[in-house]
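A.B. asks: Below: sequence and its predicted model.
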Amino acid sequence: MIKVKKMGLHTFMAVPAFLLFALFFIYPLTKGVQMSLTDWDGLSPSKFIGFQNFINFFSDDRAMSDIKTTILFAIFSAPLLNIIGLIYALLMNGEFKGKGFARGIIYLPAIISPLIMGYIWYFLLQPERGFLYHALDLFGKSSLLGNWMGQYSSAVMVLVIVNVWQYAGMTMVIYLAGLQSISEELYESARIDGAGTWQIFRYVTLPLLMPSIRINIVTNIIGSLSVFDIVMSLTGGGPGYSTETLSIYIMRMCYGSKTGYSTAVALILFVIILIPVTASMRLTKSKD
Amino acid sequence: MRTLLKTFKIFAVLIICGVCLIPFYILTVLSLNTPQRVFYQGNMFVPDFYLPNYIEAWHQSQIGTAIINSAVITVFSLLIILALGGMAGYAIARFAGRFNRMVFAVFLGCMMIPGIINTVPLYTLMRQINAINTLWGMSLVCATLALPAATFIFTGFIRSLPKEIEESAIIDGCSWFSAFWRITFPLLKPCISAVVILNGFGIWNNYAQAVFFLQDRKKQNIPQAMSVFFQQFAGAKWHLMAATAVIAVIPVVIAFLFLQKQLMKGLTAGALKG
């Protein structure tokens, strides 16, 4: 064994990464905590106002509606992404012709800008002039397509479906990577012990898939609660402000010269994300 | 029973692939229709192959500039992520000092924080250092957001490599620093492709940060240019919108076709080590 010398260039190799991160992430983060306690508008000198921003947030109807939309979106989107991603992975795990090709196609939507995706679905779903309307019209069934983006509950559901459609492939790929790390011998011996398909899935596949499940749950919760792009392009937060999410609210408040207030909202969003993330990390912790 | 199940499976796969592809097909059809065309005239699924849409869209949307900007930002960010993340991963995996352990703990903790939390205070910092509407500023922002996860992947991967590979180079008179660049870094290929795939497309498509930091029309990236273009027409002129979207999507699809083989390998090597 060679002893690593105490000093030398190698001792400082983590420094550049840390410096960049400290300057562009940690420093703004601490600055943001300070700013959240002021009434700063981005230009003129700010005044310390204590927790007034937080009080204002919880007494603002628009903000409360945004919290509701954000959480509602995540409650549907995150579990659906996981379940559909897992089903896709189980389906795509076997041996069949064109497997790689099919996987590629399913992953394809995930690499396209969600903003562009939102526009594509906008072209599809617009009432009276969208593609789906005319396609249904061919069969005389155009009345099936309502003004989905014009009503709150259906608009949220459209957002969920488009998000799941786009990112199920991403979730699938991570589950596939997990499935492939499970050795064939384990299935083999379970089958010899007389386990059925469901039992094998429940007692062999699922426990060994835990690392993938964990990654997918955490990333999907974070992604869903901070959703921004597709909402901007599909509904723009409308009708009114009803489908606005917290990330969009933060951006708009910042543009509306409520800099201090928008950092306070960002901290609230942070807490909203942190709670389910730490909870699901605890729940999926491997017991070995 | 077996064959029935298999037929069902193939059927399901075909339907899923169809659902994934149809929106792209419709986008292409839209982009090839003449401006006067209404859907229900003639066959909906066969376009007019009216190519002038693309020329007009190219000129009006300034998507060419946006593609170059997105490319510059993506390449610079990835270079920063690979260089800094790789070095940090090496230091953390090989030299267990107090500082290195602290860096790892901080990165691990911050991996869970999405960029939007930080963007408003970052905006004021960027204004102070004149980094708004600059490609280098945007590259640094994107690199910073990806750095913790990348460092995490590199650390896990380097830990799984035997230390002897560097030690033999040290005996030959190499320093630990140059041993990383000469010996270890070339071995990180699967890991590098994982980091590139996981972050590259996201940076190329970044919108949540671009809204803040790239407002100048000359510095816009692709999503920002698309959204400005869309607002300009307030939802009209779909043929031009669609043509612009197709132009914007083509580079991504080409990159994807090249990287697709590495995708699974890279993800297994990188993402699941944690």
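C.D. replies: Nice, I can see it.

A.B. asks: so how far is stretch B:231-249 from its chain's centroid?
C.D. replies: Distance of stretch B:231-249 from the chain centroid (C-alpha atoms, centre = their mean, to the nearest Å) equals 22 Å.

A.B. asks: got a list of what the residue nearest to the spatial centre of chain B touches?
C.D. replies: The residue lying closest to the centre of chain B (C-alpha atoms, centre = their mean) is B:Phe201, at 1.8 Å. Counting by C-beta atoms under 8 Å, 6 or more residues apart in numbering or on different chains, B:Phe201 touches A:Ala110, A:Ile111, B:Val252, B:Ala255, B:Phe256. Using the backbone N, CA and C atoms, a C-beta is placed for each residue, glycine as well.

A.B. asks: Out of these, the closest to A:Met172 would be?
C.D. replies: A:Ala110 (9.1 Å; C-beta to C-beta).

A.B. asks: doesn't that closest one fall inside a helix?
C.D. replies: Yes. Counting by DSSP: H, G, I helix; E, B strand; the rest coil, A:Ala110 is found in a helix.

A.B. asks: just checking, it touches A:Val164?
C.D. replies: No. Using C-beta atoms under 8 Å, A:Ala110 makes no contact with A:Val164, being 11.2 Å away.

A.B. asks: Check which helix or strand A:Ile200 maps to.
C.D. replies: Applying DSSP states H and E as the criterion places A:Ile200 in helix A:197-200.

A.B. asks: Which other helices and strands does that helix contact?
C.D. replies: helix A:184-192 (3 or more C-beta pairs under 8 Å, 6 or more residues apart in numbering or on different chains; DSSP states H and E).

A.B. asks: How far away from the center of its chain is the helix it packs on?
C.D. replies: 35 Å.

A.B. asks: Show me where the stretch 151-274 of chain B has its helices.
C.D. replies: Remark: helices assigned in the stretch 151-274 of chain B by DSSP state H, counting those that start in this stretch are B:164-171, B:176-179, B:185-187, B:189-204, B:210-213, B:222-233, B:238-270.

A.B. asks: packing partners for the second one?
C.D. replies: Okay, so that is helix B:176-179. helix B:164-171.

A.B. asks: rerun that using 10 Å as the cut-off
C.D. replies: On a contact count with 3 or more C-beta pairs under 10 Å, 6 or more residues apart in numbering or on different chains; DSSP states H and E, helix B:176-179 meets helix B:63-94, helix B:164-171.

A.B. asks: Mind checking what helix or strand follows the first one in sequence?
C.D. replies: The one in question is helix B:63-94. helix B:98-110.

A.B. asks: roughly how far is that next one from the heart of the chain?
C.D. replies: Computed by C-alpha atoms, centre = their mean, the chain-centroid distance of helix B:98-110 equals 25 Å.

A.B. asks: tell me which residues in that helix are buried?
C.D. replies: B:Asn100, B:Val103, B:Phe104, B:Val106, B:Phe107, B:Cys110 (16 or more other C-beta atoms under 10 Å in any protein chain shown).

A.B. asks: sec struct for the closest residue to the last one other than its chain neighbours, please.
C.D. replies: This points to B:Cys110. Using C-beta to C-beta, 6 or more residues apart in numbering or on different chains and skipping residues adjacent in sequence, the residue nearest B:Cys110 is B:Pro148, 5.3 Å away. Under the three-state scheme (three-state DSSP), B:Pro148 adopts helix.

A.B. asks: is it true that B:Pro148 touches B:Ile92?
C.D. replies: No. With contact defined as C-beta atoms under 10 Å, B:Pro148 does not count as touching B:Ile92 (11.6 Å).

A.B. asks: intersection of neighbour lists for those two?
C.D. replies: Both B:Pro148 and B:Ile92 are contacted by A:Ala17, B:Val103, B:Phe104, B:Phe107, under the criterion C-beta atoms under 10 Å, 6 or more residues apart in numbering or on different chains.

A.B. asks: Output these as TSV; include the columns pLDDT.
C.D. replies: Listed next are those as TSV, based on pLDDT from 0 to 100:
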residue	pLDDT
A:Ala17	91
B:Val103	91
B:Phe104	90
B:Phe107	90
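
A.B. asks: okay, the residue lying closest to B:Gly86 once chain neighbours are set aside: pLDDT?
C.D. replies: Spatial nearest neighbour of B:Gly86, excluding adjacent residues (C-beta to C-beta, 6+ apart): B:Phe154 at 5.4 Å. With respect to pLDDT, B:Phe154 scores 89.

A.B. asks: cool, B:Lys273 as well?
C.D. replies: We have a pLDDT of 49 for B:Lys273.

A.B. asks: List the buried residues of the stretch of helix or strand A:Ile221 belongs to.
C.D. replies: Secondary structure from DSSP H and E places A:Ile221 in helix A:210-225. Residues A:211-225 are the ones in helix A:210-225 that count as buried (16+ other C-beta under 10 Å).

A.B. asks: re the thing from before, got the buried residues of helix B:98-110 as JSON lines, with distance to B:Ala143 columns?
C.D. replies: Below are these laid out as JSON lines (distance: C-beta to C-beta, whole Å):
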{"residue": "B:Asn100", "distance to B:Ala143": "20"}
{"residue": "B:Val103", "distance to B:Ala143": "16"}
{"residue": "B:Phe104", "distance to B:Ala143": "18"}
{"residue": "B:Val106", "distance to B:Ala143": "16"}
{"residue": "B:Phe107", "distance to B:Ala143": "13"}
{"residue": "B:Cys110", "distance to B:Ala143": "14"}
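
A.B. asks: From the chain's centroid, how far away is the helix or strand just after the helix holding A:Ile200?
C.D. replies: For helix A:197-200, the following helix or strand on the C-terminal side (DSSP H and E) is helix A:206-208. Chain-centre distance of helix A:206-208: 23 Å, with C-alpha atoms, centre = their mean.

A.B. asks: Check which helices and strands helix A:206-208 sits against.
C.D. replies: Secondary elements touching helix A:206-208 (3+ C-beta pairs under 10 Å, 6+ apart): none.

A.B. asks: Report the mean per-residue pLDDT for it.
C.D. replies: For helix A:206-208, the mean pLDDT works out to 87.

A.B. asks: Contact partners for the most centrally placed residue in chain A?
C.D. replies: For chain A, A:Gly223 is the residue whose C-alpha lies nearest the centre (C-alpha atoms, centre = their mean; 1.7 Å). The contact partners of A:Gly223, taken as C-beta under 10 Å, 6+ apart, are A:Ala74, A:Ser77, A:Ala78, A:Leu81, A:Pro114, A:Asn163, A:Tyr167, A:Met170, A:Ile273, B:Pro114.

A.B. asks: report the longest helix in chain A, please.
C.D. replies: In terms of residue count, the longest helix belonging to chain A (DSSP state H) is helix A:61-93.

A.B. asks: Is that helix in proximity to chain B?
C.D. replies: Yes. Using C-beta under 10 Å from any C-beta of the partner chain, helix A:61-93 reaches chain B at A:Ile84, A:Ile87, A:Tyr88, A:Leu91, A:Met92.

A.B. asks: how about the third one, what does it touch?
C.D. replies: Going by C-beta under 10 Å, 6+ apart, A:Tyr88 touches A:102-103, A:106-107, A:168-169, A:171-173, A:175-176, B:12-13, B:16.

A.B. asks: next one: A:Val156
C.D. replies: So A:Val156 contacts A:Lys68, A:Thr69, A:Leu72, A:Phe73, A:Phe76, A:Ser77, A:Trp148, A:Val231, A:Thr235, A:Ser242, A:Thr243, A:Thr245 (C-beta under 10 Å, 6+ apart).

A.B. asks: gap between the closest residue to A:Gly100 other than its chain neighbours and B:Ile10?
C.D. replies: Nearest non-adjacent residue to A:Gly100, counting by C-beta to C-beta, 6+ apart: B:Gln260, 7.5 Å away. Taking C-beta to C-beta, to the nearest Å as the measure, B:Gln260 falls 21 Å from B:Ile10.
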